[in-house]
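J.: Structure for the following, please:
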Amino acid sequence: MADVRGEHRLTGARPGEGMKNLLPDKGPSASQALTVATLFPLGGFLLTLSGLALAASVVGLVLATPIFLLFSPVLVPAALLMALAVTGFLTSGVLGLGGLSSLTSLANTVRGLFQRTPDYVEQAKRRMAEAAAQAGQKTKDAGEMIQSKAQQAAGRT
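T.: Numbering: from 1, shown residues only. This is a model prediction of the structure:
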């Protein structure tokens with residue numbers, strides 16, 4: 001304890017000022033206070049409803065337990081049969097969707113392979129035409145430059 005007091009004396013801080021730094025400088029805004037004032041009773045009401053639902057479930061279970069015990073030789077196998085049937089239907093549906101998805105993906109891949117070839121060919125044709133046009137323009141420019149130099153040379157002599 002002596003170390004803490006000595007530390008306060010060295011830093012010049014009074015005991016309790018450290019806690020002031022942790023607290024916010026201002027209180028909640030009006031909208032925040034209104035939100036809390038509105039939602040607090042609603043939360044309490046919902047908590048009360050959930051407690052009532054829990055109590056009703058417990059009472060229902062207490063009342064239904066003797067019936068479950070009397071009919072358990074019939075109910076347990078029937079419930080097991082129903083669970084297995086539902087599981088089978090869900091599994092078949094999921095496997096069917098998986099197979100359909102695989103076939104769709106395969107069909108899209110094959111369709112894409114057949115459609116890509118003409119795109120590449122068209123792109124290559126377009127590039128060749130552009131290269132030919134560019135070469136033709138360069139040849140024409142070179143011919144005009146040679147012709148103008150030849151005329152200048154002929155004019156000087």
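J.: Ala55 versus the spatially most central residue of the chain, what's the distance?
T.: Centroid-nearest residue in the chain, with CA atoms, centre = their mean: Ser101, separated by 21.3 Å. Per CB to CB, to the nearest Å, Ser101 is found 47 Å from Ala55. C-beta here means a position set from N, CA and C on the backbone, and glycine is covered the same way.
J.: And Leu106, by the same measure?
T.: When CB to CB is the yardstick, Leu106 and Ala55 sit 56 Å from each other.
J.: before we move on, which element is the residue nearest to the centre of the chain in?
T.: Using DSSP states H and E, Ser101 sits within helix 30-156.
J.: Run the chain-centre distance for that helix.
T.: A distance of 10 Å separates the centroid of the chain from that of helix 30-156, by CA atoms, centre = their mean, to the nearest Å.
J.: Stretch 26-46 too?
T.: Relative to its parent chain, stretch 26-46 has a centroid offset of 32 Å by CA atoms, centre = their mean.
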